[in-house]
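A.B. asks: here is my input, please return the structure:
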Amino acid sequence: MVRAAIVISLLGISAPLQAEPLWRTLEAGDHPNVADEKLKAMPEVKRVKTRLRGETVREQDINMVGSGIPIFEGNFSIATAYDGLSLSRVQLASGAGCANEAYNLVAQIADQLREKYPTVLTDVPESYEYSRASLDATSTTPTSVNAMFANDSTAVLLTAEFTYEDAPRYHGGGSLAYSIYQIARASYEARANSCAGTGYRTAQIRITYATKAEVDRMLSTSREEREAEIENAKNNL
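C.D. replies: Residues are numbered from 1 along each chain as shown. I've put the predicted structure just below:
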């Protein structure tokens, strides 16, 4: 329960006022115009278009050069999130890959993260946890497995999210509807036959950077909430 609360909180993190390193030259608290220029200076970034709405960032659209940032067998894009006009987190995300290859990629990434972020807040689970998460995913409900690492200033959440694609269904209709169904079915079967016949299950790997100070605050809050929950249960038993 505590681990889940930490992960959920990190995805909706608020930025501290002081500048703190996030990823490469990007820092928490950066104004979107500052982050815009830093991103444009990166060789993997083709262009950046930032749209503001008053005192908030409506969108920071980042287009990558080629397939994006190569990390082992994956290729990653960049996304940013803001609290008002202050950069609060940076996320690297892969495209949809084979679910049965997710653990190997996560394990390689985690080995490097442990060197740069040696404080292990939540280590990578065993490979069977990834297999189970993949099998639990449905076409409407994805599943995920997380690990978290940190150094003195930055915390990193490493996520593998699994999805499942149902085969298309033919609901009847005229010849045009049937032709569309046949095209969809052929496309689905081509994907399903990839990944050693498991291509209908996919995984996206995400690496989310936030500040260590904010994560420490959330860890403390989560522990206090857990202790309060235990005390309440004790009083009710």
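A.B. asks: tell me the helix or strand right after the helix or strand of the chain with the lowest mean pLDDT.
C.D. replies: Within the chain, no helix or strand scores below helix 2-11, which has a mean of 44 by mean pLDDT, DSSP states H and E. The first helix or strand that comes after helix 2-11 along the chain, using DSSP states H and E, is strand 20-23.
A.B. asks: what residues sit buried inside that following strand?
C.D. replies: Within strand 20-23, the residues that count as buried by 16 or more other Cβ atoms under 10 Å are 20, 21, 22, 23. The way it works is simple: take the backbone N, C-alpha and C, and place the C-beta from them, glycine included.
A.B. asks: the first one reaches residue 28, doesn't it?
C.D. replies: Yes. Counting by Cβ atoms under 8 Å, residue 20 does reach residue 28; the two are 4.3 Å apart.
A.B. asks: got any residues that touch both of those two?
C.D. replies: residue 211 (Cβ atoms under 8 Å, 6 or more residues apart in numbering).
A.B. asks: quick one, strands of the protein?
C.D. replies: Using DSSP state E, the strands of the chain run over 20-23, 26-28, 45-53, 56-64, 69-71, 74-83, 86-94, 97-98, 119-122, 143-150, 154-164, 201-211.
A.B. asks: which one of those lies closest to residue 175?
C.D. replies: Closest to residue 175 of those is strand 154-164 (Cβ to Cβ; 30.5 Å).
A.B. asks: what sits against residue 151?
C.D. replies: Residues in contact with residue 151 (Cβ under 8 Å, 6+ apart) are 116, 117, 118, 119, 212.
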